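**Q** Here you go, sequence then predicted model.
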Amino acid sequence: MDNIQKTIESLSGGTMFKKYMPEKSIGFGILLFACPLICWFIFLLHLHIVLLFIALIVTLLFLWIWFGTFYQVNDEYFMYQSGPFRKKIPINRIVRINRNVRSWVGMRPALLFEYLQIRYNKYDDVFIAPKNEEGFIADLITLNPEITVD
C-alpha cells in the first residue's frame, strides 16, 4: 500500500476516503523529543518516582504525536489527528489554502516547520504538512471548487 496516501473506494456508495501521512523533518523531531529527554535527565538527577511518572507520560505523549499524526479527507470532512489532538472540519467551510507558511500561532498538527495553512470559517486556521501536498490540495478543490490556493 502506498506510504504517502491510502485510498479506499466504497463499492456501495462511491464515497471517497483518503488518508494522508505527514511529512516529517529531522529538525522538528529533534525539537519534539528534546522535552522528553530533559524530563528523563531530571529524573536521573533526582531519582524520584513522581519524576519517573512525568517522564513516562511526556515521552508517551510525544511518541503518540510523532507516530500518530495523519490527515483524512472524505466527501464531507477534512479530519486531522496528531496524538490526542483531533478535529473534523466540513470541507464546505474551507475557504483558502496557503502554501509554505511558517507560524508559531494556531493549531499545528504538522511535523515540519513549513506547512499548508487551511483557513476555514471566517477566522479559523489549521496548519498541516501532508507528504502528498499536491494530491491533498487537488482532492479538497475537487470537493469544494470555491477554495482558493495561494
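**A** Thanks, I have it. Numbering: from 1, shown residues only.
**Q** residues contacting the nearest residue to residue 35 once chain neighbours are set aside?
**A** Sequence neighbours aside, residue 58 is the residue nearest to residue 35 in space, at 6.1 Å (criterion: C-beta to C-beta, 6 or more residues apart in numbering). The way it works is simple: take the backbone N, C-alpha and C, and place the C-beta from them, glycine included. The contact partners of residue 58, by C-beta atoms under 8 Å, 6 or more residues apart in numbering, come to 35, 36, 39.
**Q** out of those residues, which are buried?
**A** Among these, those buried by neighbour count (16 or more other C-beta atoms under 10 Å) are 36, 39.
**Q** out of the contacts of residue 58, which one sits closest to residue 112?
**A** Closest approach between the contacts of residue 58 and residue 112, by C-beta to C-beta: residue 35, at 17.9 Å.
**Q** Could you look up the SS state of that closest one?
**A** helix (DSSP: H, G, I helix; E, B strand; the rest coil).
**Q** For the most centrally placed residue in the chain, which non-adjacent residue is closest in space?
**A** By C-alpha atoms, centre = their mean, the chain has its centre lying nearest to residue 109, at 3.3 Å. Sequence neighbours aside, residue 82 is the residue nearest to residue 109 in space, at 3.3 Å (criterion: C-beta to C-beta, 6+ apart).
**Q** so that neighbour bridges to which residues?
**A** Residue 82 has these beta-bridge partners by DSSP bridges: residue 69, residue 85.
**Q** For residue 59, list the residues it contacts.
**A** Residues near residue 59 by C-beta under 8 Å, 6+ apart: 36, 39, 40.
**Q** before we move on, which element is the second one in?
**A** Using DSSP states H and E, the secondary-structure element containing residue 39 is helix 26-46.
**Q** Show me which positions of that helix end up buried.
**A** Residues of helix 26-46 classed as buried: 28, 32, 36, 39, 40, 43 (neighbour count, 16+ other C-beta under 10 Å).
**Q** and the residues you listed, which two are the farthest apart?
**A** The largest separation in the buried residues of helix 26-46, counting by C-beta to C-beta, is between 28 and 43 at 24.3 Å.
**Q** Now do the contacts for residue 75.
**A** Listed by C-beta under 8 Å, 6+ apart, the contact set of residue 75 reads 15, 16, 91, 143.
**Q** likewise residue 36?
**A** Contacts of residue 36 by C-beta under 8 Å, 6+ apart are 55, 58, 59, 62.
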